[in-house]
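Trainee: For reference, the sequence and a predicted model appear below.
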Amino acid sequence: MTQLQPDPVPNDGPSVHDLVIAALEGCKKADAALEDHDEARWDAIISLLRERKQTGIEWYGTTLQAGNGRDWLRDLREELADAACYAMQGIVESGLDITGAGDWHPVVAAYDEIIMALFELEGMSDGR
């Protein structure tokens, strides 16, 4: 059985959620051809990240920060593996076809991207 990782140790570094939010807000501003529905999507993603930041604070007592004593690669791989399972759940419950024979669907596309990300990360090790 894999050992649990330690709880994150707070430090003076910035919140990783805040770094991602700032990057997304920059992308949103740079998108000169932003349509109303695209702006709503950016806003929804930013709002979700703010909610996840708060959930992390409530769960761990701190924000997610680099250098927090946890193995980020292990966390990333485990979270992506969970995301692949959630996406497959959506595919099955929606009666979608993952072979590509059916119409394009965002859940199938997300599943494919998650699997590809896991494939890319599988070659990484502690030496990074």
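Mentor: Yep, that arrived.
Trainee: where in the protein is pLDDT low?
Mentor: Residues of the chain meeting the criterion pLDDT under 70: 1, 32-37, 100-101, 126-128.
Trainee: biggest helix in it by residues?
Mentor: Longest helix of the chain, by residue count under DSSP state H: helix 36-60.
Trainee: buried ones in that helix?
Mentor: W42, I46, L49, K53, G56 (16 or more other C-beta atoms under 10 Å). Every C-beta, even on glycine, is put in place using the N, C-alpha and C of the backbone.
Trainee: Excluding chain neighbours, what is closest to A84?
Mentor: Distances taken as C-beta to C-beta, 6 or more residues apart in numbering place I114 nearest to A84, at 4.7 Å, with adjacent residues excluded.
Trainee: Is there a neighbour count for that neighbour? I'd like the number.
Mentor: Other residues near I114 come to 20 when the count uses other C-beta atoms under 10 Å.
Trainee: thought it was touching E79?
Mentor: No: contact criterion C-beta atoms under 8 Å: I114 and E79 do not qualify, at 9.8 Å.
Trainee: thinking again about what came up before, just send the buried residues of helix 36-60 back as JSON lines, with distance to P6 too.
Mentor: Formatted as JSON lines, the buried residues of helix 36-60 follow (distance: C-beta to C-beta, whole Å):
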{"residue": "W42", "distance to P6": "34"}
{"residue": "I46", "distance to P6": "30"}
{"residue": "L49", "distance to P6": "24"}
{"residue": "K53", "distance to P6": "20"}
{"residue": "G56", "distance to P6": "15"}
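Trainee: Please identify which of the residues you listed is nearest to D97.
Mentor: Taking C-beta to C-beta as the measure, W42 is the one of these closest to D97, at 29.8 Å.
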